[in-house]
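*Asks:* From the sequence below, what's the structure:
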Amino acid sequence: MPQFYKLRSVYEGVQIFMIGGNWNSYDRDAKIHCVERGIGLYNSAEIFRAFCIEEFWDVHTKDKKGNKLYRNGTMRID
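*Replies:* Numbers count the residues shown, from 1 in each chain. Below is the predicted model of the structure:
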């Protein structure tokens, strides 16, 4: 998260951040932080889906059960 905060301070008006490559990802805390603030945070596999929906910041990769996936595990959808 410290790198993300540094980026946000340099690029305050940016609403979308992309983490390069399908193999690379963000962690759960960073994604939750962004979703709560209406900021899009994606890996390269997710970003194109975000261009097609109004609530672009709430795009997630999901497992077969529909749980949101993060680098450090899943987050269940309640």
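*Asks:* which element is residue 53 on?
*Replies:* Assigned by DSSP states H and E, residue 53 falls within no helix or strand.
*Asks:* who's in contact with it?
*Replies:* residue 59 (C-beta atoms under 8 Å, 6 or more residues apart in numbering). Any C-beta I mention is one placed from the backbone N, CA and C, and that applies to glycine too.
*Asks:* and if you look at the one 4 residues further on?
*Replies:* Under the criterion of C-beta under 8 Å, 6+ apart, the contact list for residue 57 reads 15, 34, 35, 37, 38, 39, 40, 41, 50.
*Asks:* So which of the residues you listed is surrounded by the most neighbours?
*Replies:* Taking other C-beta atoms under 10 Å as the neighbour criterion, residue 41 ranks highest of these with 24 neighbours.
*Asks:* List the contacts of it.
*Replies:* 4, 16, 17, 19, 26, 30, 31, 34, 35, 57.
*Asks:* Go through those and say which is closest to residue 65.
*Replies:* Among these, residue 31 lies closest to residue 65 (C-beta to C-beta), at 18.1 Å.
*Asks:* Okay, buried residues for the strand or helix carrying the closest one please.
*Replies:* Residue 31 belongs to helix 28-37 when assigned by DSSP H and E. Under the neighbour-count criterion of 16 or more other C-beta atoms under 10 Å, helix 28-37 has 28, 30, 31, 33, 34, 35 buried.
*Asks:* Turn the contacts of residue 41 into TSV, columns for distance to residue 68 and pLDDT.
*Replies:* Output for the contacts of residue 41, formatted as TSV (distance: C-beta to C-beta, whole Å; pLDDT from 0 to 100):
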residue	distance to residue 68	pLDDT
4	18	73
16	18	87
17	17	86
19	15	81
26	12	79
30	13	83
31	8	85
34	13	88
35	10	89
57	13	85
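*Asks:* Output the residues you listed as JSON lines; include the columns distance to residue 45.
*Replies:* Listed next are the contacts of residue 41 as JSON lines, based on distance: C-beta to C-beta, whole Å:
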{"residue": "4", "distance to residue 45": "19"}
{"residue": "16", "distance to residue 45": "15"}
{"residue": "17", "distance to residue 45": "15"}
{"residue": "19", "distance to residue 45": "10"}
{"residue": "26", "distance to residue 45": "12"}
{"residue": "30", "distance to residue 45": "17"}
{"residue": "31", "distance to residue 45": "14"}
{"residue": "34", "distance to residue 45": "17"}
{"residue": "35", "distance to residue 45": "17"}
{"residue": "57", "distance to residue 45": "16"}
